[in-house]
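A.B. asks: Just the structure for this:
(2 chains)
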Amino acid sequence: MAKRIAILGGGTGGTLVANRLRRRLAPEEAEIVVVDRDDRHVYQPGLLFVPFGLQEPDGIVRSRRAQLREGVELRLAEVDQVDVEDNAVRLSEGPPLEYDVLIVASGASLLYEETEGLRGAGWGESVFAFYSVAEAVALRDALREFRGGRLVVNMIDMPIKCPVAPLEFCFLADWFLRERGVREQTELLYATPLDAAFTKPVAAERLGGMLERKGVALETEFATGRVDGEAGRLVSWDEREIGFDLLVSVPLHGGAPFVARSDGLGDELGFVAVDIHTLQSKAAPNVFAIGDAASLPTSKAGSATHFEGSALCDNVCRYLAGEAPRGSYDGHVNCFIESGFHRALLIDFDYETEPLPGRYPRPHAGPLPLLRESRINHMGKLAFQPLYWHMLLPGREIPGIGAEFSLAGKQPVAAAEVGE
Amino acid sequence: MSTVAYAGREVDVDPEGFLTDPGQWSEEVAAEIAAENGVGELTERHWLVIGFMRDTYLESGSAPSIRTLGKASGVPIKELYQLFPKGPAKLAAKIAGIPKPRGCI
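C.D. replies: Residues are numbered from 1 along each chain as shown, chains lettered A, B, ... in the order given. Take a look at the predicted model:
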């Protein structure tokens, strides 16, 4: 009899895993059911471009069902909770969905309510975010009208989806305001709870230097306690204040609410606790997690999800065959960092090695330079959108881009420091 | 890596002063690190956080973030900033004798 694989979430991870598994497992071996609350698949990297008029909002939303192979069922429902003991998912309506294998791919949720005042006075007027199409459009409209003053970008705390997004927003805002002729009248400031522009030292130094060259002030170790939209100020837990005319907030992230409601499934932030190499849940051997939903010490990013996909599918098939999982995911992730003026950087790293300068994907030959601004990286970022729909979601390997991280072509830290 | 003397014993520390071996820690070492970092006398509330930091680290292999502390240590974030000014997660980790929180990427 066919086993049932239930996948919670039809975003990047859920879709690419459903498609990969459907190709590997015959219908008589496995039934594959994806559960999501709606049929709108958003290309999330596109949300960064919407506020600057670089991306039409309609262009980044497609049907979830249309991204799934034939033989994958999409069930529209809210997930209430998972009963790991009973191998069943309780849904908002209908009978529980029983499973042989469960894959949690429900992404990260935005926890606006955990920051006092964030969605209070000023929300949508002087306080914005860019984590949904509607939010990004509202911010676009505000930036079009912006006449100068103090624009503050504030990341409230890690972990967040795409950790470089706040920096990209700063770089693009600098470019956009110059194009509009209001940069001179604008003070740009990035406030972060970290002690530098970024988490990893070599990249933090380079990115911090770029902020400085672009005239973006950096306020470090600023832990936002509340947003006072009425007075236009951020107040930190230790009572420091930053005034703003326009705030772009990167709210706190957590896992999907049902994870927290499901006994033993999540950590204290609602991300699914998994083995960092096998992606197998600590709660049960037939439960796995992928992408932003998983509690992994790597970036929450589509590229990480893509690389996790190959390890996860192997392990699901191994589980079905009665074999032990294999720990093959190494934390590999790469991200383009848009820097404005039609240029971008690229970083490539894993659990062990921080982002370093060098060339990618071919050592020395590249053609993409790492941790350095270039036009070709910007072209790469633009080229990624069609790749996302046509290769990444269908669960195909991207030629020349291996799932495993490689040190070849990267310069060690000491050389990197001398480099520029 | 270098060594520093706390409470009459040599301990190994990283360049920022975080102990590299939690086994070399003691309550006396904690008190001296606290004093050195302007935290002053350690109260019951400080010890609650320090204990939580060590338990979490020894169990999971990584130091808890400020959000985890706020949710799970029993001490609200506001108070954490009063107890360990500026960077509670970092400072409490230093006093608890565990490596610096990695700050997930």
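A.B. asks: And A:F169, what's its pLDDT?
C.D. replies: Listed pLDDT for A:F169 reads 98.
A.B. asks: Any idea what the closest residue to it other than its chain neighbours is bridged to?
C.D. replies: Closest residue in space to A:F169, ignoring its immediate chain neighbours: A:V153 at 5.4 Å, by CB to CB, 6 or more residues apart in numbering or on different chains. C-beta here means a position set from N, CA and C on the backbone, and glycine is covered the same way. On the basis of DSSP bridges, A:V153 is bridged to A:Y190, A:V248.
A.B. asks: contacting residues for A:V153?
C.D. replies: Contact analysis of A:V153 by CB atoms under 8 Å, 6 or more residues apart in numbering or on different chains lists A:P166, A:F169, A:C170, A:A173, A:L188, A:L189, A:Y190, A:A191, A:V248, A:V250.
A.B. asks: Wait, a helix at the third one?
C.D. replies: Translated: A:C170. Yes: assessed with DSSP: H, G, I helix; E, B strand; the rest coil, A:C170 lies in a helix.
A.B. asks: okay, now it: neighbour count?
C.D. replies: Residues lying near A:C170 (other CB atoms under 10 Å in any protein chain shown) number 26.
A.B. asks: And for the fifth one?
C.D. replies: Around A:L188 sit 20 other residues, with neighbours defined as other CB under 10 Å.
A.B. asks: Now name the helix or strand holding it.
C.D. replies: Under the criterion of DSSP states H and E, A:L188 resides in strand A:186-191.
A.B. asks: Chain B contacts on chain A?
C.D. replies: Neighbours of chain B within chain A, by CB under 8 Å from any CB of the partner chain: A:157-159, A:163, A:193-195, A:199-200, A:221, A:223, A:225, A:237-238, A:252, A:268-269, A:297-299.
A.B. asks: Give me the buried entries from those.
C.D. replies: Buried members of the residues of chain A next to chain B, counted by 16 or more other CB atoms under 10 Å in any protein chain shown: A:157-159, A:163, A:193-194, A:199-200, A:221, A:223, A:225, A:237-238, A:252, A:268-269, A:298-299.
A.B. asks: which phi and psi does the nearest residue to B:G87 once chain neighbours are set aside have?
C.D. replies: In this structure, B:G87 finds its nearest non-sequential neighbour in A:E221, 5.9 Å apart by CB to CB, 6+ apart. Dihedral pair for A:E221: phi 50, psi 40, per degrees, to the nearest 10.
A.B. asks: Pull the contacting residues for A:E221.
C.D. replies: A:E221 neighbours (CB under 8 Å, 6+ apart): A:T192, A:P193, A:L194, A:D195, B:K86, B:G87.
A.B. asks: what does A:A365 give?
C.D. replies: A:R359 are the contacts of A:A365 under CB under 8 Å, 6+ apart.
A.B. asks: how does it look with 10 Å?
C.D. replies: Going by CB atoms under 10 Å, 6 or more residues apart in numbering or on different chains, A:A365 touches A:R359, A:G409.
A.B. asks: The one 4 residues further on too?
C.D. replies: A:P369 is in contact with A:L345, A:L346, A:P357, A:G358, A:R359, A:Y360, A:I376, A:N377, counting by CB under 10 Å, 6+ apart.
A.B. asks: Nearest to the spatial middle of chain A, which residue is it?
C.D. replies: A:K161 (3.1 Å; CA atoms, centre = their mean).
A.B. asks: Please tell me how far it sits from A:S132.
C.D. replies: Per CB to CB, to the nearest Å, A:K161 is found 12 Å from A:S132.
A.B. asks: Now list whatever residues contact both of these two.
C.D. replies: Shared contacts of A:K161 and A:S132, counting by CB under 10 Å, 6+ apart, come down to A:Q44, A:L47, A:L110.
A.B. asks: Now the element after the longest helix along chain B, going C-ward?
C.D. replies: Longest helix of chain B, by residue count under DSSP state H: helix B:44-60. Heading C-terminal from helix B:44-60, the first helix or strand you meet, by DSSP H and E, is helix B:66-72.
A.B. asks: Max pairwise distance over the contacts of A:V153: which two?
C.D. replies: Pairwise distances across the contacts of A:V153 peak at 15.1 Å for A:L188 and A:V250 (criterion: CB to CB).
A.B. asks: that older thread, okay, the residue nearest to B:G87: pLDDT?
C.D. replies: Looking at A:E221, its pLDDT is 89.
A.B. asks: ok, now A:G400?
C.D. replies: Predicted confidence (pLDDT) for A:G400: 89.
A.B. asks: For residue 55, give me its contacts.
C.D. replies: Using chain A. Contacts here follow CB under 10 Å, 6+ apart; on that basis A:Q55 touches A:Y43, A:P45, A:G46, A:L47, A:L48, A:F49, A:A136, A:R140, A:Q385.
A.B. asks: nope, chain B
C.D. replies: For B:D55, the contact set (CB under 10 Å, 6+ apart) comprises B:P64, B:S73, B:A96.
A.B. asks: Looks like the first one contacts B:M53 (just checking).
C.D. replies: Yes: judged on CB atoms under 10 Å, B:P64 makes contact with B:M53 at a distance of 6.4 Å.
A.B. asks: how about the contacts of A:V153 in TSV, adding distance to A:L25?
C.D. replies: Formatted as TSV, the contacts of A:V153 follow (distance: CB to CB, whole Å):
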residue	distance to A:L25
A:P166	40
A:F169	41
A:C170	45
A:A173	46
A:L188	51
A:L189	52
A:Y190	46
A:A191	48
A:V248	44
A:V250	39
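A.B. asks: mind listing the helices in chain B by residue range?
C.D. replies: Remark: helices assigned in chain B by DSSP H are B:27-36, B:44-60, B:66-72, B:77-83, B:88-95.
A.B. asks: neighbouring contacts of the first one?
C.D. replies: Just to be clear, that refers to helix B:27-36. B:4-9, B:11, B:13, B:17-19, B:25-26, B:39-42, B:46-47, B:50, B:54, B:84, B:91-92, B:94-97.
A.B. asks: Any of those buried? List them.
C.D. replies: Among the contacts of helix B:27-36, those buried by neighbour count (16+ other CB under 10 Å) are B:6, B:11, B:13, B:18-19, B:25, B:39, B:42, B:46, B:50, B:54, B:84, B:91-92, B:94-97.
A.B. asks: so what's the nearest residue to A:G59 once chain neighbours are set aside up against?
C.D. replies: Spatial nearest neighbour of A:G59, excluding adjacent residues (CB to CB, 6+ apart): A:G46 at 7.1 Å. When contacts are counted by CB under 10 Å, 6+ apart, A:G46 touches A:L54, A:Q55, A:E56, A:P57, A:G59, A:I60, A:V61, A:V133, A:A136, A:Q385, A:Y388.
A.B. asks: Can you tell me how far A:G46 is from chain B?
C.D. replies: To chain B, A:G46 is 22 Å away according to CB to the nearest CB, to the nearest Å.
A.B. asks: And the pLDDT for that residue?
C.D. replies: Confidence for A:G46, expressed as pLDDT, is 97.
A.B. asks: I'd guess it is in a helix, am I close?
C.D. replies: Yes: using three-state DSSP, the assignment for A:G46 is a helix.
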